[in-house]
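**Q** Provided below are the primary sequence and the corresponding predicted coordinates.
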Amino acid sequence: MQMKGLFNNGHTTFSIEIFPPKKPGTIEDVYTTLDGLSNINPSFISCTYGAGGNSGDATTIDICSIIKEKYGILPIAHLTCVGNTKETIDEAIRKLDEASITNVLALRGDISERAGLSEDFKHASDLIVYLKEKAPQLNISAACYPEVHPDSESVVSDILYMKQKEECGAEHFMSQLFFDNEDFYSFWEKTQIAGIKSPIEAGIMPVTSKAGILRMVSMCGASIPKKLSRILNKYENNPQAFSDACIAYAIDQISDLVANDVDGIHLYSMNKPEAAQRIYNAVKNLL
Ligand code: FAD
């Protein structure tokens, strides 16, 4: 199914991201996560790709296959430049085809000690061009950054490269997480000025641990507003209050985004279905 068909129907799309199990022998965790999400009925579930290879016993494509076959939900398989060559991408295309998976999120990937820049694909746009040529049946999504990607030369160049990804064939964008909706609105306006027409989903992450979110924002460049910072500090030693306050924060963000008619909400579930379910229950009548 083409991503475009999910948008522009008077509703805000609600989608979810999960990640593959990190340790071998923990495939059951995927079923637990997906069982826990099964009352949500999202427009699609995307599954991340661990640059440098997943160390668990199911790959991104295997999990997308489970999402599709066992749960009847549209999957999106993440695929990165990092850790891949033309040959390994050809193999991924073959596997996607075999599993009848037609939606892919094309990314550069996070560069780490384990996985450096790909010789064949430097940027997501290179991967999009290759996928469009080798597998025209695929519907391609791409990432975007309300607070600007940390490697960017400028806000303007980041938006222009986003537009380049659209021109190369990306038909849908999912945003990096952000905690201040004004950052998203300002970014959204810039994409419209740049003539980007594809739907853009707003990436929302319910915070589940103070240390975890501080590590995450230090890598992805998102900022933590004072309002959220006060919650992290006040409730860090009270797990129930911490969870309740962070879920309330995410619900507040989503309510405001939906009221402003964003194309979609992409919830980073962190494989924590209880939090995702609570958030969905609170916003489902708004969507
Ligand atoms: P690009 O689009 O290549 O952009 C990277 C930087 O280069 C930006 O600063 C951009 O402005 C610049 N740029 C882009 N094109 C060009 C060009 N042609 N010439 C010069 N500069 C250019 N990482 C994973 O490893 N696995 C995942 O599953 C994963 N899922 C993600 C899902 C979402 C929704 C998001 C937002 C991110 C995800 N990431 C994932 C992280 C992502 O891989 C990193 O943010 C990465 O650093 C950039 O990826 P990109 O596809 O946006 O790269």
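**A** Here it is on my side, so go on. Residues are numbered from 1 along each chain as shown.
**Q** what is the least confident helix or strand in the chain?
**A** The helix or strand of the chain with the poorest confidence is helix 27-37; it has a mean of 93 (mean pLDDT, DSSP states H and E).
**Q** do the helix or strand following that helix and the ligand meet?
**A** Once helix 27-37 ends, the next helix or strand along the chain (criterion: DSSP states H and E) is strand 45-47. No - contact between strand 45-47 and the ligand, assessed by C-beta under 6 Å from any ligand atom, is absent, since the two come no nearer than 7.3 Å. Heads up, the C-betas are built off the backbone N, CA and C, glycines and all.
**Q** now do the least confident helix or strand of the chain: which elements does it pack against?
**A** Taking 3 or more C-beta pairs under 8 Å, 6 or more residues apart in numbering; DSSP states H and E as the contact definition, the neighbouring helices and strands of helix 27-37 are strand 13-18, helix 60-69, helix 273-283.
**Q** list the buried ones in the last one?
**A** By neighbour count with 16 or more other C-beta atoms under 10 Å, helix 273-283 contains the buried residues 273, 275, 276, 277, 278, 279, 280, 282, 283.
**Q** JSON lines for those, including pLDDT?
**A** Listed next are those as JSON lines, based on pLDDT from 0 to 100:
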{"residue": "273", "pLDDT": "96"}
{"residue": "275", "pLDDT": "97"}
{"residue": "276", "pLDDT": "97"}
{"residue": "277", "pLDDT": "97"}
{"residue": "278", "pLDDT": "97"}
{"residue": "279", "pLDDT": "98"}
{"residue": "280", "pLDDT": "98"}
{"residue": "282", "pLDDT": "98"}
{"residue": "283", "pLDDT": "98"}
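**Q** of all the residues you listed, which comes closest to residue 234?
**A** residue 275 (18.7 Å; C-beta to C-beta).
**Q** can you pull the contacts of the closest one?
**A** Taking C-beta atoms under 8 Å, 6 or more residues apart in numbering as the definition of contact, the neighbours of residue 275 are 206, 208, 243, 247, 250, 269.
**Q** kindly recompute the last result at 6 Å.
**A** By C-beta atoms under 6 Å, 6 or more residues apart in numbering, the residues touching residue 275 are 206, 247.
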